[in-house]
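Q: Build me a structure from this.
(chains A, B, C and D)
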2 protein chains.
Amino acid sequence: MALRHAVLAALLDGELSGYELAKAFDVGVANFWYAQPQQLYAELTRLEKAGLVVGREVVQETRPTKRLFHVTDAGLAELEDFAAASAKPSFVRDDLLVKVRAADHVDTAVLIEQLTERAAFAQAKIDLFGKLLRSMRGDRTEDEFLRHGDRIGPYLTGLRGLSFEQGNRDWCARTITVLRERQTVRARH
Amino acid sequence: MALRHAVLAALLDGELSGYELAKAFDVGVANFWYAQPQQLYAELTRLEKAGLVVGREVVQETRPTKRLFHVTDAGLAELEDFAAASAKPSFVRDDLLVKVRAADHVDTAVLIEQLTERAAFAQAKIDLFGKLLRSMRGDRTEDEFLRHGDRIGPYLTGLRGLSFEQGNRDWCARTITVLRERQTVRARH
DNA sequence: CCATGCTACTCATAAACATGACTAGTCACA
DNA sequence: TGTGACTAGTCATGTTTATGAGTAGCATGG
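A: Numbering: from 1, shown residues only, chains lettered A, B, ... in the order given. Now for the predicted structure:
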């Protein structure tokens, strides 16, 4: 029951349709969760059955009818309970790290390729988070916003997402450098 | 098929029993994967059936007989293929981030408690990684080791684990500060 | 001398997560 | 006028990951 709470948390600031939610999750909900649209629709159905969210139909003229969901009091209570329960330690699950761990036994060239790709991806995320954070805080400074703004939750998680991706980018760069250097050293023999 | 490759990568530098592997994974295999012993035993069985690892029985005098596993050529080939396949973007899946995302709607005190706990946990990991890295590079400097050492894979992933936990610790500290400040601001009203 | 904890596993089951395939109307663009 | 992309979903199935419970001998400490 983990996606469940991620969905609840995402629905906190305003009504969303399953489709909109799916887009938010595709971006990665500030990088700490990822899910396919189908999973979200299924989760929303479960949440509604459990009375933690309610949906209302919105008939649109030109587009398909959609259902907007919001969190109920029961849903909020559930989140409170969840927040109070002890959290599992976080983990990164990352194919790329598995590959690098095997670096001494697999082809260096493909690793460098993938690290380059990942660095670019991380940079794109960094830019995205930068924009998101700026738009959340408006013209205030970060400190100002964090002190007096309302809805700082998404901002705080955004900060973690940003620094995570900076960490990814920098580590990729470093790793690429190391692997390249070793390639040239070997080439000299 | 993800744990599968994590296990293969972990077995690369030497034979391990399921039990030893489990301990390595409990530490978090340099933080990029986590699994229960049962999962690992099951995975080892599957890997052996697939011919990617082989185990040999080691009868011990005072302790239960164990089976040490090592990667076969087929396993290495599998890892090569895996390394060449495009990786999914990494993600953090973290209950704590979900909770902080809901920070504006849940009890601040419990959040601060959990963030404090996590910060301590992160610090413990940082110390652990520090030790691991030092012991891997011996008396060489990091640059020296990375240039000329053999088996730099685990070292490189260790670096990522280290910086990830530093990011966690720093973010927890920052978030705690922010939440505390807001508490006192509110208390004044 | 008994409780606790470590080594070393197995078995069964449950929960969570991921995927492919499908419907069906609208819109923009060439 | 047809091609592809976007909105807004559903259904079914498969894979992966997680958990609880159990076995069994040896070691350590009070």
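
Q: residue contacts, the closest residue to residue A:32 other than its chain neighbours?
A: In this structure, residue A:32 finds its nearest non-sequential neighbour in residue B:97, 3.8 Å apart by C-beta to C-beta, 6 or more residues apart in numbering or on different chains. C-betas here are computed from N, CA, C, even on glycine. Residue B:97 sits next to A:30, A:32-33, A:90, A:157, A:160 when contact means C-beta atoms under 8 Å, 6 or more residues apart in numbering or on different chains.

Q: I'd like those as TSV, with secondary structure appended.
A: Listed next are the contacts of residue B:97 as TSV, based on DSSP: H, G, I helix; E, B strand; the rest coil:
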residue	secondary structure
A:30	coil
A:32	coil
A:33	coil
A:90	coil
A:157	helix
A:160	helix
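
Q: Redo those residues as TSV? Include neighbour count and pLDDT.
A: Output for these, formatted as TSV (neighbours: other C-beta atoms under 10 Å in any protein chain shown; pLDDT from 0 to 100):
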residue	neighbour count	pLDDT
A:30	27	61
A:32	24	79
A:33	25	85
A:90	21	76
A:157	27	94
A:160	27	94
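
Q: among those, which two are most distant?
A: Farthest-apart pair in the contacts of residue B:97 is A:30 and A:90; separation 13.5 Å (C-beta to C-beta).

Q: Tell me how chain A divides into domains.
A: A:3-84, A:95-187 (automatic domain parsing).

Q: Take those domains and lay them out in a markdown table including distance to residue B:70.
A: Shown next, in a markdown table, are the domains of chain A (distance: least, C-beta to C-beta, whole Å):
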| stretch | distance to residue B:70 |
| --- | --- |
| domain A:3-84 | 34 |
| domain A:95-187 | 12 |
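
Q: Strand partners (parallel or antiparallel) of the lowest-mean-pLDDT helix or strand in chain A?
A: The weakest-scoring helix or strand in chain A, judged by mean pLDDT, DSSP states H and E, is strand A:91-93 (a mean of 78). Paired neighbours of strand A:91-93 in the sheet (DSSP bridges): strand B:91-93 (antiparallel).

Q: Tell me where the model's unsure across chain A.
A: Low-confidence segments of chain A, defined by pLDDT under 70: A:1, A:28-31.

Q: Show me where it has its strands.
A: Secondary structure of chain A by DSSP state E: the strands cover A:16-17, A:53-58, A:66-71, A:91-93.

Q: Distance to residue B:3 and mean neighbour count added to those, as a markdown table?
A: As requested, those are exported to a markdown table (distance: least, C-beta to C-beta, whole Å; neighbours: other C-beta atoms under 10 Å in any protein chain shown):
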| stretch | distance to residue B:3 | mean neighbour count |
| --- | --- | --- |
| strand A:16-17 | 33 | 20 |
| strand A:53-58 | 33 | 15 |
| strand A:66-71 | 34 | 19 |
| strand A:91-93 | 9 | 19 |
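
Q: Make CSV from the ones you listed and add distance to DNA strand C to it.
A: Below are the strands of chain A laid out as CSV (distance: least, C-beta to the nearest atom of the strand, whole Å):
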stretch, distance to DNA strand C
strand A:16-17, 14
strand A:53-58, 15
strand A:66-71, 11
strand A:91-93, 9
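
Q: of those strands, which approaches residue A:83 most closely?
A: strand A:66-71 (13.6 Å).

Q: list the helices and strands that closest one packs on?
A: With contacts taken as 3 or more C-beta pairs under 8 Å, 6 or more residues apart in numbering or on different chains; DSSP states H and E, strand A:66-71 sits against helix A:3-11, strand A:16-17, helix A:18-27, helix A:37-49, strand A:53-58.

Q: isn't residue A:79 right up against residue A:4?
A: No. With contact defined as C-beta atoms under 8 Å, residue A:79 does not count as touching residue A:4 (9.9 Å).

Q: Between those two, which has more neighbouring residues?
A: Between residue A:79 and residue A:4, residue A:79 has the larger neighbour count (other C-beta atoms under 10 Å in any protein chain shown), namely 24 against 18.

Q: for that one, what are its contacts?
A: Contact analysis of residue A:79 by C-beta under 8 Å, 6+ apart lists A:5, A:8-9, A:12, A:71, B:102, B:105-106.

Q: roughly how far apart are it and residue A:149?
A: Counting by C-beta to C-beta, to the nearest Å, the gap from residue A:79 to residue A:149 is 20 Å.

Q: Which residues of chain A lie near DNA strand C?
A: Counting by C-beta under 7 Å from any atom of the strand, chain A comes close to DNA strand C at A:1-4, A:34-36, A:38-39, A:42, A:62-64.

Q: for those, which one is nearest residue B:136?
A: For those, the nearest to residue B:136 is residue A:34 (31.8 Å; C-beta to C-beta).

Q: In contact with that closest one, which residues?
A: With the criterion set at C-beta under 8 Å, 6+ apart, residue A:34 makes contact with A:25-26, A:28, B:89, B:91.

Q: out of those residues, what pair is the most spread apart?
A: A:25 and B:89 (13.0 Å).
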